[in-house]
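A.B. asks: sequence first, then the predicted structure, then my questions.
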Amino acid sequence: MALLETRNATKRFGGLTAVSDLSFDLDEGSIVSVIGPNGAGKTTFFNCIAGFYQIDEGTITFDGEEIQELRPDKIARLGLSRTYQNIRLFGGMTATENVLVGEHQHLTSTWFRTVFRAPTRLQRGWTIRGHHLHLPVSSVDREEAAAREEAHRLLDYVGLTERHEALARNLPYGDQRRLEIARALGTQPRILLLDEPTAGMNPAETHEMTGLIRRLRDDLGITILLIEHEMRVVMGISERITVLDYGERIAEGSPREIQRNQRVIEAYLGKAAAEQVMGEYEPDTDAGDQAAAATSIGAHGARAASTTGTAPATGEKENDDVAGKD
């Protein structure tokens with residue numbers, strides 16, 4: 001059953017159509033990737049889903065409710081959260097404090113109780129010189145303690161056990177990526193949008209991040225939608241792949257189907273290079289062999305670049321801060 005649906009979604013920036021008539025389904029409990037060359041509209045599509053952009057035409061439905069006109073905070077409250085292509089942490093705050101920011105939307109204390117710490121019950125347990133004391137405890141204190149405990153649990157889950165009180169800006173790059181995911185988990189998402197979660201990572205870090213993404217679905221039941229340029233990650237973790245080019249969906253299917261799709265290879269490399277690569281390519285016969293990613297789009301791109309002088313789109317950085325460029 002589709003937890004997230006878009007129907008004929010279109011987003012324009014002036015005369016540029018960044019997302020064009022896009023219909024897309026994301027089934028609950030699945031791991032789905034959106035790929036495509038630079039400028040294909042991937043991050044714009046994410047921004048439309050998360051409420052950062054409002055689509056000009058079409059609908060976006062989350063669990064049966066249309067969300068295309070909701071603010072990002074309202075969409076997050078419904079259970080849809082995201083990470084960013086360019087890391088956006090609060091560098092001067094600790095790892096714990098960053099996760100507490102994600103948890104904030106689920107806290108219930110009012111500003112009055114927060115400021116004045118109005119006590120709601122008495123806590124027993126202190127005896128001084130024979131006098132038993134009853135100390136006031138506010139609901140704010142209890143809620144903050146529970147939130148901090150949950151933040152520590154989430155940091156432990158993503159592998160930051162020893163980093164609770166480290167400033168975010170002092171964390172290694174890979175740990176900052178993990179912290180972004182922990183902060184997103186603090187919003188209690190049902191769907192997690194991951195925008196290039198392994199960008200800039202070395203092979204060991206990429207392997208660990210891939211395992212973490214899989215555990216988010218398997219352990220926590222979170223539905224995953226990711227943008228990723230690292231084809232070994234895409235082919236190894238995705239159950240379904242949607243390919244965009246110039247804002248349009250040009251292909252959709254299993255990893256093996258996408259690997260063999262000539263239109264997808266053309267979108268990355270150009271028609272001449274794609275024909276050359278397809279002429280050389282013999283499909284792997286082992287349907288369960290994820291090592292076929294070595295002859296996937298990313299490998300095609302490296303080979304074609306050496307023979308045609310054309311640099312592949314995979315591995316290049318996108319800029320989601322410029323409208324229409326993603």
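C.D. replies: Alright, I've got the coordinates. Just so it is clear, the model here is predicted, and its values are computed rather than measured.
A.B. asks: does the closest residue to residue 49 other than its chain neighbours count as helix, strand or coil?
C.D. replies: Excluding its sequence neighbours, the residue lying closest to residue 49 (CB to CB, 6 or more residues apart in numbering) is residue 60, at 6.0 Å. (C-beta placed from N, C-alpha, C; glycine too.) Per DSSP: H, G, I helix; E, B strand; the rest coil, the secondary structure class of residue 60 is strand.
A.B. asks: spit out the contact partners of the nearest residue to residue 147 once chain neighbours are set aside.
C.D. replies: Among residues not flanking residue 147 along the chain, residue 103 sits closest, at 5.0 Å (CB to CB, 6+ apart). Taking CB atoms under 8 Å, 6 or more residues apart in numbering as the criterion, residue 103 is in contact with 147, 150, 151, 186, 187.
A.B. asks: switch to 7 Å and redo it
C.D. replies: Applying CB atoms under 7 Å, 6 or more residues apart in numbering, we find residue 103 in contact with 147, 150, 151, 186.
A.B. asks: tell me the contacts of the third one?
C.D. replies: The neighbours of residue 151, taking CB under 7 Å, 6+ apart as the test, are 96, 99, 100, 103, 186.
A.B. asks: ok now the host helix or strand of it, how far from the chain's centre?
C.D. replies: In the assignment (DSSP states H and E), residue 151 maps to helix 139-157. Chain-centre distance of helix 139-157: 23 Å, with CA atoms, centre = their mean, to the nearest Å.
A.B. asks: what is the rounded mean pLDDT of that helix?
C.D. replies: What helix 139-157 shows for mean pLDDT is 86.
A.B. asks: out of the contacts of residue 151, which comes closest to residue 31?
C.D. replies: Checking the contacts of residue 151 against residue 31 by CB to CB gives residue 186 as the nearest, at 20.9 Å.
A.B. asks: hmm, the closest one is touching residue 96, no?
C.D. replies: No - Residue 186 is beyond contact range of residue 96, at 10.4 Å (criterion: CB atoms under 7 Å).
A.B. asks: name the residue in these two with the higher neighbour count.
C.D. replies: Set residue 186 next to residue 96 and count neighbours by other CB atoms under 10 Å: residue 186 wins out with 23 against 20.
A.B. asks: quick revisit: would CSV of the contacts of residue 103 with distance to residue 197 be doable?
C.D. replies: Shown next, in CSV, are the contacts of residue 103 (distance: CB to CB, whole Å):
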residue, distance to residue 197
147, 25
150, 22
151, 20
186, 17
